[in-house]
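J.: need a 3D model of the following:
(2 chains)
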Number of protein chains: 2
Amino acid sequence: MGAGELNAILKGSVVERVLSTYGVRSYFPKGIVAQSQEAATLATRANATAGVALEGGHYMTHPLFKEFGTLLTTDEMVGYAPTGGNRELRQLWHQDLVRKNQPLAGKSFSLPLVTGGLTHALSLAGELFLDVGDEIVVPSPCWDNYDLLYGVRRGCKIKSPHLFDEDLNFTIGNLRAAIEEIEGEKVFLLLNFPNNPSGYTPTPKEMEEIKDLLVHFANQGKALVVVIDDAYYGLVHTNEAYPYSLFSLLCDAHENILAVKCDAATKEALVWGFRIGFITYGSRGLTAEHYGALIQKTVGAIRATISSSSMIGQSLLLKVMQGEGYHKECERVANEMKERYKIVKRAIAQEEGPLKPLPFNSGYFCAFETEGEANVLREVLLKEGQIGSVALEGNLLRVAYSSVDRDLLEPLIGEIYHRSRELWR
Amino acid sequence: MGAGELNAILKGSVVERVLSTYGVRSYFPKGIVAQSQEAATLATRANATAGVALEGGHYMTHPLFKEFGTLLTTDEMVGYAPTGGNRELRQLWHQDLVRKNQPLAGKSFSLPLVTGGLTHALSLAGELFLDVGDEIVVPSPCWDNYDLLYGVRRGCKIKSPHLFDEDLNFTIGNLRAAIEEIEGEKVFLLLNFPNNPSGYTPTPKEMEEIKDLLVHFANQGKALVVVIDDAYYGLVHTNEAYPYSLFSLLCDAHENILAVKCDAATKEALVWGFRIGFITYGSRGLTAEHYGALIQKTVGAIRATISSSSMIGQSLLLKVMQGEGYHKECERVANEMKERYKIVKRAIAQEEGPLKPLPFNSGYFCAFETEGEANVLREVLLKEGQIGSVALEGNLLRVAYSSVDRDLLEPLIGEIYHRSRELWR
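T.: Just a heads-up that it's a prediction; the model follows:
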């Protein structure tokens, strides 16, 4: 379908109200890819559609790759994947979303599309829903790449309400104030829990408050795009943290709220460098036809940025997800993170100094507000203590305990406090 | 370095004159990634920088992946690759460019950056050098995705001068006229040889004419960005076709010409679905410092779109390129394409009908101008002949002989002509 037909389908829905000028133009043409798909089933005699080298119907590639034969055929490695991803993988990821998010049961949302990693999903959301000069809301502290994605690249102005109040308790007050300041009717908001860099996930009550706040604005007639970055989904280390994705609360919350779930196999499935992410849409008012049109626009944007995502990554992910040990292995790593979390939590409780830990209960990280410039502490730790950490936003030091073995964690925290006291006390 | 510092370095060069407004803003911040890189060498005691799950310094992933142990470690599969790509692979691709392009010997150009496939490289060039509303030149016939990449996505107006005259002979006259019509001082031009869909590569004399034409405009003071899509590089089937990349002629042709080589392992190295491409810059006036600044901007754009490219793809590509059989295997496939080309050429010579073959001497394809609507012929071929082909631009039928076995090619061409005569004679 052309852009005009897709836009006609989306007319009157929240999607129409939040699309960027590119989003309005975007479509997936009936060009080479669509014609090749059509031929795949019908061209039984000779299929001269695709720009690939085949012999006897198989890709002509290196014999070396046959060493992987126990797990994958060479075609599963070097073949082209469909623009929107391997259908079986998309369906499996969809099932798994419901399995992992009990509140999603029975709710309707789109079939996930495969993207070239989570960043690519975030980038697609930016293309489809943001224009140059738009004011958007991205609570702070946050991943440093959001600024490149939306500020530098899309040319948006980013409002950064603090997730924590002056006593470092979670608050939605700043978020409310930031959204109230947005002048247009469209509100683009990005939320990321477990939060990078703080490691905080709101409690069930706080999550409900977030939902209620957004519904409040939706009731006022605002059109909200809420991008949910679920990079660290599933890594919840205490009973207080809400164990499900915010997407499960927002995907049917209100007809004026479009929830956009960006997640990835990256951390959830332990395959960081595969670069396999997903983008999934949910909104109370949307029909299957609406989702279909929005998916066509997104597939057009995938083709216009990377053509398609890694086939070998998708094939291997599918194999490993279909295998017996998959959930157990993911759980093993999540449990290891929980053990490390406990050690870090205990170690911090024993320390005093010019560092204030932000609340944390989930994910890979903890972070400290530093009395002086965080980068000074980072450099001392690196050069004198041979310890790697990350300085952010002037006075934040992020510590990825996910990448440090258990027995090193207590001395690590001790050293960080020790060096901070040397610097600032 | 910040954008301001990078722009200061590029001041006065052709790059400054052709950057888009985003290109001007783009930079690679000293954030999490840069700090992690710094820590990689120094943090020998504990490295708590990166958002990954490590145990004993190795990624915590699925035991299943150990089955690949003969070829890759699990870290080489699931680890994060550097934003701009594996350094060893970039250097090897650079060496290989010189090996494959004899005229490049001794010329200076940038170290290739790894991209998420060739489309991603083309997309990055669009981001860095194009603004909404820019008029650009993309000769026709061409790959249908250019329209999505630059027309739909970047919002540019595309001028499409024909590569062939009315008698279907190659001409640069239309290209000259199109460039003359561009009003601003910046000219963005995309050239793709072997051409998709025609399968044509200019002769050495014609390539020199293209270069001379562009130098002529450069002498007039125009600033030219020439994007060279080398997707089908190396697949030259006759002695008349120029056997090297146009990049080797343009990378030092003139101080007002920035040559941007977009190529990929996709077809050249027989790994279509790996999604590993490269972007390489060359211009007569540029110093190592200029290239460094342009690379920083490009790396920033990579991080803002996909974070990084597939690690498993890069690792496997590196292994296979370092292996003994690599060149032989690529040659074997190129030779097979040449044999198929000869069969197709002979078969067409025996036919008559309402189809005019475009000149072809290289690549994966041949294409026919059809007397009636090409899509009608495509549908008849598919539904009645079980033959897959692609209809483009109204009256072009593209045939990918690359994906059809030798013994099927003569009957395939026969059937295409037969059906076309049934339709239109």
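J.: skipping its backbone neighbours, what lies nearest residue A:376 in space?
T.: residue A:423 (6.5 Å; Cβ to Cβ, 6 or more residues apart in numbering or on different chains). Placement of C-beta: from N, CA and C, glycine included.
J.: near chain B, which residues of the stretch 151-300 of chain A?
T.: With Cβ under 8 Å from any Cβ of the partner chain as the criterion, the stretch 151-300 of chain A comes near chain B at residues A:152-153, A:155, A:196, A:231-232, A:267, A:270-275, A:300.
J.: go again with 6 Å.
T.: Applying Cβ under 6 Å from any Cβ of the partner chain, we find that the stretch 151-300 of chain A lies next to chain B at A:152, A:153, A:270, A:271, A:272, A:273, A:275.
J.: let me see the contact set for the fifth one.
T.: Residue A:272 makes contacts with A:266, B:52, B:78, B:80, as judged by Cβ atoms under 6 Å, 6 or more residues apart in numbering or on different chains.
J.: if we can go back for a sec, could you dump the residues of the stretch 151-300 of chain A next to chain B to CSV with pLDDT?
T.: Below are these laid out as CSV (pLDDT from 0 to 100):
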residue, pLDDT
A:152, 94
A:153, 95
A:270, 94
A:271, 94
A:272, 94
A:273, 93
A:275, 97
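J.: for those, which one is nearest chain B?
T.: residue A:273 (2.7 Å; Cβ to the nearest Cβ).
J.: wasn't residue A:218 part of a helix?
T.: Yes. Note on residue A:218: a helix contains this position according to DSSP: H, G, I helix; E, B strand; the rest coil.
J.: quick one: it and residue A:254 touch, right?
T.: Yes. If you go by Cβ atoms under 6 Å, residue A:218 and residue A:254 touch, sitting 4.0 Å apart.
J.: the lengthiest helix in chain A and chain B in contact?
T.: Of all the segments of type helix in chain A, defined by DSSP state H, the longest one is helix A:326-349. Yes. Against chain B, helix A:326-349 shows contacts by Cβ under 6 Å from any Cβ at A:329, A:333.
J.: got the confidence number for the nearest residue to residue A:424 once chain neighbours are set aside?
T.: Nearest residue to residue A:424, sequence neighbours excluded (Cβ to Cβ, 6+ apart): residue A:354, at 4.1 Å. pLDDT, residue A:354: 97.
J.: and residue A:398, what helix or strand is that in?
T.: For residue A:398, the element it lies in under DSSP states H and E is strand A:396-400.
J.: please name the strands paired to that strand in the sheet, noting orientation.
T.: strand A:365-370 (antiparallel), strand A:390-392 (antiparallel) (DSSP bridges).
J.: run through who's touching the lowest-mean-pLDDT helix or strand in chain A.
T.: Here the helix or strand of chain A ranked lowest by mean pLDDT, DSSP states H and E is helix A:32-42, holding a mean of 85. Here helix A:32-42 makes contact (Cβ under 6 Å, 6+ apart) with A:47, A:49, A:50, A:83, B:144, B:382, B:388, B:390.
J.: got a list of what the first one touches?
T.: With contact set as Cβ under 6 Å, 6+ apart, residue A:47 has these partners: A:39, B:388.
J.: separation between it and residue B:363?
T.: In this view, residue A:47 and residue B:363 are 18 Å apart by Cβ to Cβ, to the nearest Å.
J.: run a quick neighbour tally on residue A:289.
T.: Residue A:289 has 11 neighbours, counted by other Cβ atoms under 10 Å in any protein chain shown.
J.: for it, what are its contacts?
T.: residue A:9.
J.: how close does it get to residue A:18?
T.: According to Cβ to Cβ, residue A:289 stands 18 Å off from residue A:18.
J.: do the same with residue A:82
T.: For residue A:82, the distance to residue A:18 equals 26 Å [Cβ to Cβ].
J.: cool, and residue A:90?
T.: Counting by Cβ to Cβ, the separation of residue A:90 from residue A:18 is 23 Å.
J.: so those two - more neighbours on which side?
T.: Shown here are residue A:90 and residue A:18; by other Cβ under 10 Å, residue A:18 has more neighbours (23 against 20).
J.: hang on, isn't the more buried one packed against residue A:225?
T.: Yes. Under the criterion of Cβ under 6 Å, residue A:18 makes contact with residue A:225 at 4.7 Å.
J.: count of residues packed around residue A:177?
T.: By other Cβ under 10 Å, the residues close to residue A:177 number 11.
J.: which parts of chain A belong to which domain?
T.: A:3-28+A:83-322, A:327-424 (automatic domain parsing).
J.: start and end of the last one, how far apart?
T.: This stretch, domain A:327-424, spans 46 Å end to end (Cα to Cα, to the nearest Å).
J.: how distant is that domain from the center of its chain?
T.: Counting by Cα atoms, centre = their mean, to the nearest Å, domain A:327-424 is centred 23 Å from the centre of its parent chain.
J.: and what of stretch A:32-48?
T.: So, by Cα atoms, centre = their mean, the centroid of stretch A:32-48 is 34 Å from its chain's centroid.
J.: kindly export it (C-alpha atoms) in CSV.
T.: What follows is stretch A:32-48, C-alpha atoms only, in CSV (Å, rounded to 0.1, in the frame of the first residue of the first chain):
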residue,chain,number,x,y,z
ILE,A,32,12.0,-5.6,-5.3
VAL,A,33,11.5,-7.0,-1.8
ALA,A,34,7.8,-7.3,-2.0
GLN,A,35,8.0,-8.9,-5.5
SER,A,36,10.6,-11.3,-4.3
GLN,A,37,8.4,-12.4,-1.4
GLU,A,38,5.5,-13.0,-3.8
ALA,A,39,7.8,-15.0,-6.0
ALA,A,40,9.1,-17.1,-3.2
THR,A,41,6.0,-19.2,-3.1
LEU,A,42,5.0,-19.1,-6.7
ALA,A,43,8.2,-19.2,-8.8
THR,A,44,8.8,-22.9,-8.6
ARG,A,45,10.4,-23.1,-12.0
ALA,A,46,13.0,-20.4,-11.8
ASN,A,47,13.2,-17.5,-9.3
ALA,A,48,15.2,-14.6,-10.9
